[in-house]
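[1] structure for the following, please:
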Amino acid sequence: MAKNTKKRAIIYSNVKENKKRAEEISKIKENQINLNDEIIIGMSKTPNNKPVKSKNNKPVKSTKKVNKNKSNSNKPETNKSIQNKENIDKSKQKINNNQEKKSVNLQKKIKIRKIIIVSLVIIILTIGLVVLLKSSLFNIKQINVKITNNKILTESKIKNLSTLNIGQNMYSINKKKAIESIKSEPYVESVKIKRSLPSTLKIEIEERTVKFTLDYNGQYIYVDNQGYILQKASEPNDKIIITGYSTTDLTDGNRLNIEDLEKLSAVMQIMKEAENNGLKQDITKIDIQDKNNYKIYFQELGKMAHLGDTTSINDKMTYIKKILEEEANYEGEIFVNVDLNNGEYPHFREKV
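    So this is what the prediction gives:
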């Protein structure tokens, strides 16, 4: 009995010690901090590397990729890496340049093709047009001649001069040659040749008009207001006769020399002022030998006026008209070639 009692006392004492120890352990557990749900400032959360189990208790692979180069991201680039980058950039640029060259070459090829196509179309159209114009559709069936200021020229003469004939192709004729041939006629001032499709040709002529007559060794040479020599005649016409000229080559179609052309211009000025004063119809001849003293003849009135040059010509014509009226019954000479600014006066000298 004594032994059993002793055993029980030991067991009871152990139970009490174990109970006390268990209580102390529970208190320690209660006072511990659970770090699993807490975030400590200044420290990064450690990744949970434990494999996640699925419903079938099989581990599931993580979908997150580990950046192997993360540890090297903050390291400075070496010369080798910089050179690699430059090589990559150069290769990219080379590829881009090649692409641009290919694009430019393609555009050039397209442009050349377009030019070739357009050129071929133009050539074909041109050939077709030439063939059409050379066809009998455009052969001349009628030649019409129109002459402005017509007094001398005739239609038949113009047609003969043109060398153009019925039946010729309108686009085969040489217009320039035809115009030159027609202008060989001194009375022709201007020529125009027009095509009236499909088969009519029009020739338009402007005829020169005789304005003056040159006295030439018993003959008379007709001249227009531009000094062109139109023809020689054995009798004078109703135009004013010009004497005192210096031109020697008086072939039909030629023109007076420069000196005579200047004097002819003065003659036209004289005639204009004479017309303004009602004297044009009375003038029969003008001597232009001396440009400082033009001589005007009034043959029917029996008088001749010394005009001088063409300065103050309006005043001079006024004096001539007055003297002609006052000395109507006498033949003689009128002198208006005086210096009116220095007190000299026009006067009349009766013929003795």
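[2] Q142 and M170, how far apart?
    For Q142, the distance to M170 equals 11 Å [C-beta to C-beta, to the nearest Å]. Just so you know, the C-beta spots here come from the backbone N, C-alpha and C atoms, and that holds for glycine as well.
[3] no wait, T148
    23 Å.
[4] between these two, which is the more surrounded one?
    Remark: of T148 and M170, M170 carries more neighbours, 20 against 10, as counted by other C-beta atoms under 10 Å.
[5] how about the more buried one, nearest residue that isn't a chain neighbour?
    F138 (4.7 Å; C-beta to C-beta, 6 or more residues apart in numbering).
[6] I figured that neighbour hits L197, correct?
    Yes - look at F138 against L197 with C-beta atoms under 8 Å: they come within range, at 7.2 Å.
[7] quick one, helices of the stretch 201-350 of the chain?
    Remark: helices assigned in the stretch 201-350 of the chain by DSSP state H, counting those that start in this stretch are 258-276, 313-326.
[8] could you export those helices as a markdown table, including mean neighbour count?
    Formatted as a markdown table, the helices of the stretch 201-350 of the chain follow (neighbours: other C-beta atoms under 10 Å):
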| stretch | mean neighbour count |
| --- | --- |
| helix 258-276 | 16 |
| helix 313-326 | 17 |
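[9] ok, back up a step: tally of neighbours for the residue nearest to M170?
    18.
[10] per-residue pLDDT, it?
    F138 is assigned a predicted lDDT (pLDDT) of 84.
[11] for it, give its distance to K177.
    19 Å.
[12] also N139?
    For N139 relative to K177 (C-beta to C-beta), the value is 19 Å.
[13] poorly predicted segments of the chain, please.
    Within the chain, the ranges that satisfy pLDDT under 70 run 1-20, 22, 25-80, 132.
[14] now do the domain split for it, please.
    The chain breaks down into these domains under automatic domain parsing: 137-207, 212-350.
[15] okay if I get those domains as a markdown table plus distance to L120?
    A markdown table is the format used below for those (distance: least, C-beta to C-beta, whole Å):
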| stretch | distance to L120 |
| --- | --- |
| domain 137-207 | 24 |
| domain 212-350 | 51 |
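[16] who has more neighbours out of N139 and K177?
    More crowded of N139 and K177, by other C-beta under 10 Å: N139, with 16 against 12.
[17] who's in contact with the more buried one?
    Under the criterion of C-beta atoms under 8 Å, 6 or more residues apart in numbering, the neighbours of N139 are G167, Q168, N169, M170, S199.
[18] and it, bridged to which residues?
    N169 (DSSP bridges).
[19] on that earlier part again, find residues that contact each of F138 and L197.
    Common contact partners of F138 and L197 (C-beta under 8 Å, 6+ apart): M170.
[20] any common contacting residues for Q142 and M170?
    Common neighbours of Q142 and M170, using C-beta under 8 Å, 6+ apart, are S199, L201.
[21] circling back: looking at the domains of the chain, which is nearest to I116?
    Checking the domains of the chain against I116 by C-beta to C-beta gives domain 137-207 as the closest, at 29.0 Å.
[22] strands along the stretch 151-300 of the chain, start to end?
    188-196, 200-207, 212-216, 219-223, 229-233, 240-243, 285-287, 294-298 (DSSP state E, counting those that start in this stretch).
[23] make JSON lines from the ones you listed and add mean neighbour count and distance to E24 to it.
    Converted to JSON lines, the strands of the stretch 151-300 of the chain look like this (neighbours: other C-beta atoms under 10 Å; distance: least, C-beta to C-beta, whole Å):
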{"stretch": "strand 188-196", "mean neighbour count": "15", "distance to E24": "134"}
{"stretch": "strand 200-207", "mean neighbour count": "18", "distance to E24": "140"}
{"stretch": "strand 212-216", "mean neighbour count": "19", "distance to E24": "158"}
{"stretch": "strand 219-223", "mean neighbour count": "21", "distance to E24": "157"}
{"stretch": "strand 229-233", "mean neighbour count": "17", "distance to E24": "156"}
{"stretch": "strand 240-243", "mean neighbour count": "18", "distance to E24": "161"}
{"stretch": "strand 285-287", "mean neighbour count": "20", "distance to E24": "162"}
{"stretch": "strand 294-298", "mean neighbour count": "21", "distance to E24": "160"}
